[in-house]
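Undergrad: Generate coordinates for the sequence data below:
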Amino acid sequence: MTTILPITLTMAGAAAITNIWLGFRCGQIRMKTHITLGDGGNEGLLARMRAHANFNEYTPIFLILLGLIELGSPASTPSWLWLAGALFIVGRVAHGLGMERAYPNKLRMFGTLSAVLLTLGLAAYAIYLPHGAAGMITESGPNAAGPDAELVPNG
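TA: Numbers count the residues shown, from 1 in each chain. Below you'll find the predicted structure:
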């Protein structure tokens with residue numbers, strides 16, 4: 001049986017498009033200024049490069065957590081994962097735009113807080129999920145009934 005992770009696949013696609021957009025924005029300044037390596041002391045290019053790098057620092061772990069939670073969630077896929085994924089992508093776009101504005105600004109702050117808080121929230125839920133989802137744990141080890149084993153009460 002093939003497992004499809006619609007939320008993770010959708011957000012990974014959106015993340016890929018966002019990553020290309022952020023890289024393109026760096027390229028725009030590089031073309032205008034003929035800077036081929038580094039930032040050449042250009043603050044606008046540095047801001048765009050950092051937005052692009054920051055995106056690539058946060059996005060992989062966010063997508064891994066999103067996918068594992070979607071895969072490991074009991075019953076149906078939690079609808080709140082759609083909201084978390086969408087907020088993450090919107091936040092990363094806002095961060096990219098906010099990096100070029102005077103600090104502090106609402107776009108950059110929203111982008112930073114959304115990435116940190118959503119990743120932290122998913123991390124906490126990922127730790128909780130195998131140990132306490134709905135007060136239940138799955139039996140594991142040599143006596144487990146297999147991948148379709150039923151949930152058993154804790155204790």
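Undergrad: Against His52, how distant is the one residue sitting closest to the centre of the chain?
TA: The centre of the chain sits closest to Phe62, judged by C-alpha atoms, centre = their mean, with a distance of 3.0 Å. For Phe62, the distance to His52 equals 16 Å [C-beta to C-beta, to the nearest Å]. Where you see a C-beta, it was placed from the backbone N, CA and C, and this is true even at glycine.
Undergrad: now swap in Leu22 and tell me
TA: 4 Å.
Undergrad: pLDDT weak spots in this protein?
TA: Counting by pLDDT under 70, the chain shows low-confidence ranges at 1, 74-77, 133-155.
Undergrad: Now do the helices in it.
TA: In the chain, the segments counted as helices under DSSP state H are 6-33, 43-72, 80-98, 106-132.
Undergrad: Can you give me the buried ones in stretch 90-102?
TA: 91-96, 98-100 (16 or more other C-beta atoms under 10 Å).
Undergrad: Which members of those residues define the maximum pairwise distance?
TA: Pairwise distances across the buried residues of stretch 90-102 peak at 16.1 Å for Gly91 and Glu100 (criterion: C-beta to C-beta).
Undergrad: Now do the contacts for the nearest residue to Ile29 once chain neighbours are set aside.
TA: Excluding the flanking residues, the one nearest Ile29 by C-beta to C-beta, 6 or more residues apart in numbering is Leu45, at 4.4 Å. Going by C-beta atoms under 8 Å, 6 or more residues apart in numbering, Leu45 touches 26, 29-30, 33, 35, 39.
Undergrad: now, which of these sits nearest Gly67?
TA: Nearest to Gly67 among the contacts of Leu45, with distances taken as C-beta to C-beta, is Cys26, at 27.6 Å.
Undergrad: pretty sure that closest one contacts Met49?
TA: Yes: under the criterion of C-beta atoms under 8 Å, Cys26 makes contact with Met49 at 5.6 Å.
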